[in-house]
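>>> need coordinates for the below:
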Amino acid sequence: MSEAKRVLSRLRRNRRAMVCLGILALEVLAVLLLPPLLGLEPTLTDREAGFWAPPSPEHWLGTDDVGRDLFARLICGGRVSLLVGFAAAALSVGVGVPLGLAAGYHRGAWEFWIMRCADVFQSFPTLVLVLCLVALTGASVGNLILVIGLLGWPPIARLVYGNTLAVREKEYILAVRALGGGPWTILTRNVLPNAVAPVWAALAQRVGRAILSESSLSFLGAGIRPPQASWGNLMQYASSLTVLTARPWVWVPPGLLIVLTVVCLQVVGDGLRDALDPKFIPRK
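The predicted structure follows:
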């Protein structure tokens with residue numbers, strides 16, 4: 001049995017991780033398929049329903065302050081929040097993995113400058129730094145992905161760096177080096193497959209943190225802005241005491257989806273970590 005099949009087999013035995021993975025898959029399918037199937041228009045104003053209409057058969061979650069369907073905005077906003085989460089996490093991994101490999105394998109100046117850059121990035125309060133950068137670059141989906149993704153590489157780089165330090169002195173690496181293997185060959189064929197495994201577990205949790213960052217920025221008015229919808233700017237309605245107390249159907253659904261998505265990502269990440277650990281014994 002190959003290593004990938006062994007990991008998948010161990011992951012399938014983790015019922016909580018599989019349930020959460022199924023929930024995430026349903027969320028992705030819903031935000032992709034429901035808008036075209038149901039003809040959802042998140043920016044269309046229904047003047048007949050009026051402003052702040054309560055839930056009804058025509059508008060399952062009512063309408064907002066300008067008469068837009070809140071269910072349509074919830075589903076279409078999920079596209080934006082999930083896109084930012086997954087794309088930013090992928091960017092963090094794409095930057096952090098090569099830098100961690102270079103620092104751990106080459107050591108010397110590579111190690112010093114890359115790790116000191118990671119220290120500098122991690123020394124600033126992340127939310128404050130993201131707010132400043134978004135204010136400079138503009139609050140668009142692409143800019144949010146770039147800012148959140150580029151600020152999320154230090155933990156990934158440190159994880160790969162530590163694993164690379166452990167792998168580079170293994171006997172099989174020394175044997176490949178003695179046989180004339182070049183640094184690129186050793187890094188890509190021998191070090192990378194063994195050093196990057198824990199990153200898959202960290203990736204799921206990184207997606208959750210990116211979704212929380214986008215939601216926090218949008219709630220503060222510095223992220224995705226209307227008329228474009230996201231779960232974060234739907235939560236912004238809760239900043240009004242009237243909406244918070246009298247119209248819970250406006251802010252409770254996006255809040256529950258944010259919590260559910262982040263919790264599911266955490267559980268899937270824990271499941272991947274356990275599946276990748278050959279010493280872990282699953283509970284019966």
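>>> three-state assignment of residue 225?
Following DSSP: H, G, I helix; E, B strand; the rest coil, we place residue 225 in the coil state.
>>> may I have the secondary structure class of the closest residue to it other than its chain neighbours?
Distances taken as C-beta to C-beta, 6 or more residues apart in numbering put residue 139 closest to residue 225, at 5.8 Å, once the chain neighbours are dropped. No exception for glycine: its C-beta is placed from N, CA and C like everyone else's. Judged by three-state DSSP, the three-state class of residue 139 is coil.
>>> how far away is residue 139 from residue 105?
Applying C-beta to C-beta, to the nearest Å, the value for residue 139 to residue 105 is 38 Å.
>>> more crowded one of those two?
More crowded of residue 139 and residue 105, by other C-beta atoms under 10 Å: residue 105, with 21 against 17.
>>> thinking that one is in contact with residue 164, fair?
Yes - counting by C-beta atoms under 8 Å, residue 164 is a contact partner of residue 105 at 5.5 Å.
>>> where are the low-confidence patches of the stretch 151-284 of the chain?
277-284 (pLDDT under 70).
>>> need the contact list for the residue nearest to residue 225.
217, 222, 223, 224, 225 (C-beta atoms under 8 Å, 6 or more residues apart in numbering).
>>> closest to residue 26 out of these?
Using C-beta to C-beta, residue 224 is the member of the contacts of residue 139 that lies nearest residue 26, at 22.9 Å.
>>> what's the nearest residue to that closest one if we skip its chain neighbours?
Take residue 224 and drop its neighbours on the chain: the residue closest to it by C-beta to C-beta, 6+ apart is residue 230, 4.0 Å away.
>>> can you check residue 135 too?
Nearest-residue entry for residue 135: residue 222, 6.6 Å, with adjacent residues in sequence omitted and distances by C-beta to C-beta, 6+ apart.
>>> quick check on the one you found: phi, psi?
As for residue 222, its main-chain torsions (degrees, to the nearest 10) stand at phi -110, psi 0.
>>> count of neighbours near it?
18.
>>> looking at it, it is touching residue 136, isn't it?
No - with contact defined as C-beta under 8 Å, residue 222 does not reach residue 136; the gap is 11.1 Å.
>>> which residues of the stretch 1-150 of the chain fall in helices?
For the stretch 1-150 of the chain, helices defined by DSSP state H, counting those that start in this stretch occupy the ranges 3-12, 15-38, 70-106, 108-123, 126-137, 141-151.
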